[in-house]
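*Asks:* Provided below are the primary sequence and the corresponding predicted coordinates.
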Amino acid sequence: MKNEMKLSMDAISENEALGRICIATFLTRLHPTLEELEDVKTAVSEAITNAIIHGVPADGKVYITCRCEKDIFHVEIEDHGVGIADIPKAMEPLYTTKPEQERSGMGFAFMEAFMDELKVWSQPGKGTTVIMEKAIGFSYLED
């Protein structure tokens, strides 16, 4: 069975929790373990925070699309902000464009560690899309 959700929200820090909770609630239909749920919440939180802090101006939006297909959870976090000029550099642990805000530079490392698949598409001046997938160990869903 396929199910999809789309969410658009203002790019403000207070909305990071909203996005994380909406995605976690949507994911529960696959009956994830607590560990799987926490992994997804952490990865999604990092992606949303990156979009808000590094990608989008204060009046911008963050777009989230989630899909459940059988036992695979798919999520895309998209912004139409500044984009990333050097994706491999941005994905290096401890790299941050905002050291003055005491950012750790571990966002992409956490996403990679907690999800089964991570892809990043970005174009300077156009925005960034982070695509993540995770297989959920046991699903009660039937076709």
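*Replies:* Cool, got the structure.
*Asks:* Can you give me the buried ones in the helix or strand of the chain at the bottom of the mean pLDDT ranking?
*Replies:* Ranking every helix and strand in the chain by mean pLDDT, DSSP states H and E puts helix 87-90 at the bottom, with a mean of 83. For helix 87-90, the buried set under the neighbour-count rule, 16 or more other C-beta atoms under 10 Å, comprises Ala90. Quick note: C-beta positions are derived from backbone N, CA and C, even for glycine.
*Asks:* could you dump that helix to PDB, C-alpha only?
*Replies:* Taking Å, rounded to 0.1, in the frame of the first residue of the first chain, the C-alpha atoms of helix 87-90 are listed here in PDB:
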ATOM      1  CA  ILE A  87      28.000  19.300  -1.700                       C
ATOM      2  CA  PRO A  88      30.900  16.900  -0.800                       C
ATOM      3  CA  LYS A  89      32.500  19.700   1.300                       C
ATOM      4  CA  ALA A  90      29.100  20.400   3.000                       C
END
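*Asks:* packing partners for it?
*Replies:* When contacts are defined as 3 or more C-beta pairs under 8 Å, 6 or more residues apart in numbering; DSSP states H and E, helix 87-90 packs onto strand 117-123.
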